[in-house]
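S.K.: any chance you could fold what I've pasted below:
(one chain, ligands or ions: 2)
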Amino acid sequence: MNLRWAIYKLKASAGFYVVIGLWLSVIMDIYGYTEESTRRPTSRQAIPKFVPTPINVTVHRGDLAELHCHIKNLGPKMVVWRKASEENPLTLGEVVFTPASEISIHHEQISQSDSRWNLLIKNVQPEHAGVYECQISATGIYTHYVALNVLNYPAKRKPQVTIYGTEYVNEYSNIQLTCNASGVDRAPDDIDWFFDGTKLTTSHPHWYGRLEITKHRPLPGLSYISEITIQHSTLGDSGNYVCRSSDIEVDSLTVHVLNVNKDGSIVPRAPGEESDSIRSAESGAHSAAFNHKEPQVLLLFLILTVTACV
Ligand SMILES: *[C@@H]1O[C@H](CO)[C@@H](O)[C@H](O)[C@H]1NC(C)=O
Ligand SMILES: *[C@@H]1O[C@H](CO)[C@@H](O)[C@H](O)[C@H]1NC(C)=O
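M.R.: Ligands and ions are numbered 1, 2, ... in the order given. Take a look at the predicted model:
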């Protein structure tokens with residue numbers, strides 16, 4: 001700490017201040033050393049030290065506040081957290097003293113000489129704001145201060161959209177995708193589906209008679225769920241499916257339709273790199289297998305495994 005201050009001074013100005021700073025640091029170092037060595041006959045390294053952590057923490061009302069206290073060379077001493085404006089400690093070691101159930105301590109022993117003692121405040125409220133002290137017990141000189149600011153409004157949640165379902169499918173089988181769109185304080189009004197940029201509609205010639213779109217809002221909740229089923233998939237159904245909520249949030253998923261030939265071989269028709277890797281993996285694999293009409297399922301499994309590894 002003293003050395004850093006000295007270095008700071010060295011950087012900040014020259015001449016006079018450098019000399020003063022270095023002198024001060026030397027004097028304070030000697031002082032710290034002698035003070036420590038008179039207390040117990042250990043080496044200088046054993047002086048507890050706070051590792052720099054945020055000293056000004058700002059959170060929204062309702063969030064989890066985490067006040068950090070990272071200590072080197074704690075030794076057998078105890079760590080006390082207290083609010084600067086209050087006499088009673090909040091925690092002592094791993095024991096929580098305050099009856100406030102939202103307060104807890106998270107102790108993490110990184111190594112024998114390195115530990116974290118973070119004070120956690122759940123569901124933070126404006127009255128929690130203030131200065132907190134992380135103190136190494138029995139030595140008033142080792143104190144780390146953290147200022148907690150609480151913004152008196154909840155954090156803005158973001159609307160979310162998640163799409164999941166069939167990623168690999170054999171030609172002529174069904175593609176089934178689900179989209180879960182969640183709003184902030186109410187469910188979105190609607191969900192739209194797009195395929196390679198074109199809006200999915202049951203009347204579109206590409207999907208006519210094969211596409212089913214269902215939508216529902218589970219109650220209670222902030223979600224809107226939509227499912228699509230494309231029956232009798234074709235190679236032309238390979239591509240990027242996008243789900244967009246009326247909150248203009250989107251998610252996408254790439255579907256690969258695999259071509260099942262009459263001789264039992266599988267020619268994938270997936271866009272981009274994947275198709276190349278599948279093809280090379282396939283030609284690299286036992287081509288004899290194709291002549292011997294191995295079961296398609298086994299081949300598909302092999303290809304999917306190789307693709308996953310690549
Ligand atoms: C701490 O952070 C708050 C909010 O970001 C700011 O208003 C305040 O000035 C900061 N205080 C210090 C001492 O840096
Ligand atoms: C939809 O997403 C919301 C928020 O992520 C989640 O709470 C809900 O359980 C999800 N519903 C389904 C059916 O996956």
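
S.K.: is stretch 67-74 up against ligand 1 anywhere?
M.R.: No: remark: stretch 67-74 sits outside contact range of ligand 1, by C-beta under 6 Å from any ligand atom, the gap being at least 13.2 Å. Using the backbone N, CA and C atoms, a C-beta is placed for each residue, glycine as well.

S.K.: next, the distance between the ends of that stretch.
M.R.: 18 Å (C-alpha to C-alpha, to the nearest Å).

S.K.: is E87 in a helix, a strand, or coil?
M.R.: Per DSSP: H, G, I helix; E, B strand; the rest coil, the local secondary structure of E87 is coil.

S.K.: buried ones in stretch 230-245?
M.R.: By neighbour count on 16 or more other C-beta atoms under 10 Å, the buried set for stretch 230-245 is I230, S233, D237, S238, G239, Y241, V242, C243, R244, S245.

S.K.: is the last one in contact with A181, as I believe?
M.R.: Think S245. Yes: at 3.6 Å, S245 counts as touching A181 under the criterion of C-beta atoms under 8 Å.

S.K.: any idea how many residues pack against the nearest residue to H68 once chain neighbours are set aside?
M.R.: In space, and not counting its chain neighbours, H68 is closest to T53: 3.6 Å by C-beta to C-beta, 6 or more residues apart in numbering. Neighbourhood size, T53 [other C-beta atoms under 10 Å]: 16.

S.K.: list the contacts of T53.
M.R.: If a contact means C-beta atoms under 8 Å, 6 or more residues apart in numbering, then T53 has H68, C69, H70, H144, V146 as its contacts.

S.K.: read off the pLDDT value for D185.
M.R.: pLDDT recorded at D185 is 81.

S.K.: please name the bridge partners of the residue in the chain positioned nearest to ligand 2.
M.R.: The chain approaches ligand 2 most closely through N180 (3.7 Å), counting by C-beta to the nearest ligand atom. For N180, the beta-bridge partners are T162, I225 (DSSP bridges).

S.K.: so which residues on this protein come close to ligand 2?
M.R.: So far as C-beta under 6 Å from any ligand atom goes, the chain lies against ligand 2 at Q160, N180, S182, S223, I225.

S.K.: between those residues, which has the most around it?
M.R.: That'd be S182 among the residues of the chain next to ligand 2, by other C-beta under 10 Å, with 21 neighbours.

S.K.: for the closest residue to ligand 1 within the stretch 1-150 of the chain, which non-adjacent residue is spatially closest?
M.R.: The nearest approach of the stretch 1-150 of the chain to ligand 1 comes at N56, 3.6 Å away (C-beta to the nearest ligand atom). Once flanking residues are discounted, N56 sits nearest to A147: 5.0 Å by C-beta to C-beta, 6+ apart.

S.K.: need the CA coordinates for the strand or helix carrying the one you found. PDB is fine.
M.R.: Assigned by DSSP states H and E, A147 belongs to strand 143-151. Below are the C-alpha coordinates for strand 143-151, written out as PDB (Å, rounded to 0.1, in the frame of the first residue of the first chain):
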ATOM      1  CA  THR A 143     -10.200  -1.900   7.800                       C
ATOM      2  CA  HIS A 144     -11.500  -2.100   4.200                       C
ATOM      3  CA  TYR A 145     -14.400   0.300   3.500                       C
ATOM      4  CA  VAL A 146     -17.100  -0.400   0.900                       C
ATOM      5  CA  ALA A 147     -19.800   2.200   0.000                       C
ATOM      6  CA  LEU A 148     -23.100   0.600  -1.100                       C
ATOM      7  CA  ASN A 149     -25.500   2.800  -3.200                       C
ATOM      8  CA  VAL A 150     -29.000   1.500  -3.800                       C
ATOM      9  CA  LEU A 151     -31.000   2.900  -6.800                       C
END
